[in-house]
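Colleague: Give me a 3D structure for the following:
(one chain, ligands or ions: 1)
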Amino acid sequence: MPLISRRHFIAGLSSTAAIPLLSRAAFAAKDQTQLTVDTRVIEVKGKAAKVFSLDAARGKQGFNFDAGQSLRLRLTNRLSEPTLVHWHGQTPPTEQDGVPVLSQPALKPNESYDYDFEPRAGTHWMHSHVGLQEQKLLAAPMIVRSRADVATDEQEHVVLLHDFTFREPEEILAELKSGGGDHATHSGGGMSGMAGMDHSNMGNMSGMDHSKMAMPAPDAGAMLNDITFDAFLANDRTLDDPEVVRVEKGGRVRLRIINGAAASNMWVDLGGLEGELIAVDGNEIEPVKEKVFPLGIAQRADIRISLPGGSGVWPVLFRPEGTQQQTGIVLVAGDGQIARIAAEGAMAPALDLAMELKLKALKGLAPEPLTRTEMVMLTGGDKDYVWGLNGKASMHDTLFTVRHGERIAIMMHNMTTMSHPMHLHGHHFQVVNINGQKIEGAMRDTMLVPPNAMVTVVFDADNPGNWAFHCHHVYHMNAGMMGAVAYVNAA
Ligand SMILES: [Cu+2]
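Modeller: Numbering: from 1, shown residues only. A predicted model of the protein is given here:
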């Protein structure tokens, strides 16, 4: 089938998340994309909720670029408060990275700013880096297709995940800092049942045997969630009214899944289907076949699914760790009848690094000696809800310095009782060691570090500037688990 008709097929049949495609010609003719931050009202569990929007001028969330072309964006703030957007997974010059203080001042109401950089191919996303705005859905997909991707005649579907609360995020953070909220209850023995949780519950939708997906139990003292959410959203929808994605009988579909949650690590559960994980954080890996995949906060997973022939209905569930709540989308081929899917399933276990150990970058770092290893302890999380790096709470203080051309290892040791999805801006790193086991792991920009774990990642200092390095759980970040990697003597 020619490419254009396949695009048409996708756009015509997918109910809401049809991501408008700017063709090469259209892109060239209209080479600046207008991006506007505003508010909108969505319905969650029958109630209206005012959230943020981040829209391209064409009116739908998300858009595509042709890799290799310069990306020109004009970001306009239509809010009554300051905002700024970070291009997560992109590696622009530091002053275009969208982090207040480190790269540029936040945009005041009605201000605009122009961006122009070479985009990086893959499944990425963009989100506010101001306060807790991300919790109110100030995010959108940022998919960059390489020429090879565009030439592949394959159905694609983008899924952006969120955790959702009707409460004001500032109120939640204030409660946590005053020693209240779920963080306080977790620090007692209330969650001890988590450790013995039955992992065979994964994939319960299908009744399939997941015994080979054996996952070690989390540490007895581990806390999985410090916030209770009202709902979890897949492309803004709950399982009361999930997105239905029409697929071809016996066809192939590539899911580009983005965990845009503020504070929830999730499992992707394909139920009765098996999928191939082909890229993480926008970087290709040697394909890994499974039915259940971990997806930490801010991480992305590209999963290719070959559908069985004939009509059928296949829910794809997204299951936050440590809760029975779930969200999902439904793949439907032919005249399959869609049954209602429960908003709660079995309790999902903690994410771990069992699959991470198996991942292998298709294009890892070139062989080259390390310049230096930087130790970074992930610290804090006591009753005061202060988090930090190396025992220090900060937002923009320099954590360590590098020089252009160096190769740096960051050895992260999580001394806390919660997992932390650690994100380095402006670079992608390779995962090279997990709890003492050497690997030639995936290239990523965000790495989940579970309690007590030691994880080493390596990056080439090839993008001079002042770069944020932080936990992507936005409450941890705003409570001090953030710092900067600063280049010295930058050219
Ligand atoms: Cu954290």
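
Colleague: my read: F65 touches D149, true?
Modeller: No - the pair F65 / D149 is not scored as a contact, 11.2 Å apart, by CB atoms under 8 Å. Just so you know, the C-beta spots here come from the backbone N, C-alpha and C atoms, and that holds for glycine as well.

Colleague: Who has more neighbours out of those two?
Modeller: F65 (23 against 18; other CB atoms under 10 Å).

Colleague: need the next SSE after the helix or strand containing that one, C-terminal direction.
Modeller: Following DSSP states H and E, the helix or strand that holds F65 is strand 64-66. Beyond strand 64-66 on the C-terminal side, the first helix or strand identified by DSSP H and E is strand 71-77.

Colleague: Helices of this protein, residue ranges please.
Modeller: 3-13, 24-29, 147-151, 169-177, 181-186, 474-478 (DSSP state H).

Colleague: Count the residues that sit near W314.
Modeller: 22.

Colleague: bridging residues for the closest residue to it other than its chain neighbours?
Modeller: Spatial nearest neighbour of W314, excluding adjacent residues (CB to CB, 6 or more residues apart in numbering): L331 at 4.4 Å. Legend: beta-bridge partners of L331 under DSSP bridges are V245, W314.

Colleague: Could you verify my assumption that L331 touches R252?
Modeller: No - at 11.4 Å, L331 does not count as touching R252 under the criterion of CB under 8 Å.

Colleague: between the two, who's got more neighbours?
Modeller: The residue with more neighbours, out of L331 and R252, is L331; 26 against 16, by other CB under 10 Å.

Colleague: which residues does that one contact?
Modeller: Applying CB atoms under 8 Å, 6 or more residues apart in numbering, we find L331 in contact with 245, 247, 253, 305, 307, 313-316.

Colleague: Let's have those in CSV, adding pLDDT and distance to W125.
Modeller: Formatted as CSV, the contacts of L331 follow (pLDDT from 0 to 100; distance: CB to CB, whole Å):
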residue, pLDDT, distance to W125
V245, 95, 19
V247, 95, 23
V253, 96, 20
I305, 97, 21
L307, 94, 26
V313, 95, 28
W314, 96, 25
P315, 97, 23
V316, 98, 18
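
Colleague: could you dump those residues to TSV with distance to the ion?
Modeller: Putting the contacts of L331 into TSV (distance: CB to the ion, whole Å) gives the following:
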residue	distance to the ion
V245	32
V247	36
V253	32
I305	31
L307	37
V313	37
W314	33
P315	30
V316	27
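
Colleague: ok, of the residues you listed, which one's closest to L270?
Modeller: V316 (5.8 Å; CB to CB).

Colleague: from the chain's centre, how far out does stretch 379-393 sit?
Modeller: Taking CA atoms, centre = their mean, to the nearest Å, one finds the center of stretch 379-393 at 23 Å from the center of the full chain.

Colleague: Can you list the buried residues in that stretch?
Modeller: For stretch 379-393, the neighbour count (16 or more other CB atoms under 10 Å) marks 379-381, 385-390, 393 as buried.

Colleague: Which members of these are the farthest-apart pair?
Modeller: The span of the buried residues of stretch 379-393, defined through CB to CB, is set by Y385 and N390 at 18.2 Å.

Colleague: Write out the residues of this structure neighbouring the ion.
Modeller: 420, 471, 473, 476 (CB under 5 Å from the ion).

Colleague: buried subset of those residues?
Modeller: 420, 471, 473, 476.

Colleague: Quick check: the second one touching S419?
Modeller: No - C471 lies out of contact with S419 (CB under 8 Å); the separation is 9.2 Å.

Colleague: distance of the spatially most central residue of the chain from the ion?
Modeller: The residue lying closest to the centre of the chain (CA atoms, centre = their mean) is A298, at 2.3 Å. Separation of A298 from the ion (CB to the ion, to the nearest Å): 11 Å.

Colleague: now do G250
Modeller: 42 Å.

Colleague: what does M412 give?
Modeller: Distance from M412 to the ion, by CB to the ion: 11 Å.

Colleague: Could you do Q325 as well?
Modeller: 20 Å.

Colleague: Report the contact partners of that residue.
Modeller: 229, 231-232, 343-344 are the contacts of Q325 under CB under 8 Å, 6+ apart.

Colleague: Drop anything exposed from these.
Modeller: Looks like the contacts of Q325 have 229, 231-232, 343 buried, using 16+ other CB under 10 Å.

Colleague: tell me the two of these that are most distant?
Modeller: The widest separation within the buried ones among the contacts of Q325 (CB to CB) is 11.7 Å, between F229 and A343.

Colleague: Pretty sure P451 sits against N435.
Modeller: No - P451 lies out of contact with N435 (CB under 8 Å); the separation is 11.8 Å.

Colleague: Which of these two has more residues huddled nearby?
Modeller: Using other CB under 10 Å as the criterion, P451 and N435 rank with P451 on top: 20 against 12.

Colleague: phi, psi of that one?
Modeller: Phi and psi for P451, reported as degrees, to the nearest 10, are phi -50, psi 140.

Colleague: Run through the bridge partners of M422.
Modeller: Beta-bridge partners, per DSSP bridges, of M422: M447, C471.

Colleague: Hmm, it is touching D445, no?
Modeller: No - applying CB under 8 Å as the test, M422 and D445 come out as separate, 9.7 Å apart.

Colleague: and the gap between D397 and F469?
Modeller: Per CB to CB, to the nearest Å, D397 is found 11 Å from F469.

Colleague: Where do the domain boundaries of this structure fall?
Modeller: Per automatic domain parsing, the domain ranges recorded for the chain read 3-145, 169-351, 372-488.

Colleague: Pick out the shakiest of those domains, pLDDT-wise.
Modeller: For the domains of the chain, mean pLDDT drops lowest on domain 3-145, to a mean of 80.

Colleague: ok now that one, how far from the chain's centre?
Modeller: Taking the mean of its C-alpha atoms, domain 3-145 sits 15 Å from the chain's own mean (CA atoms, centre = their mean).

Colleague: Next, the distance between the ends of stretch 403-410.
Modeller: End-to-end span of stretch 403-410 (CA to CA, to the nearest Å): 15 Å.

Colleague: And for stretch 465-482?
Modeller: 16 Å.

Colleague: Distance of the closest residue to L389 other than its chain neighbours relative to G391?
Modeller: Leaving aside its chain neighbours, L389 sits nearest to G483 (5.0 Å; criterion: CB to CB, 6+ apart). In this view, G483 and G391 are 12 Å apart by CB to CB.

Colleague: Could you pull up the residues touching the residue of the stretch 301-450 of the chain found nearest the ion?
Modeller: Scanning the stretch 301-450 of the chain for the residue nearest the ion gives H420, at 3.4 Å (criterion: CB to the ion). Neighbouring residues of H420 by CB under 8 Å, 6+ apart: 378, 414, 448-449, 471, 473, 476, 481.
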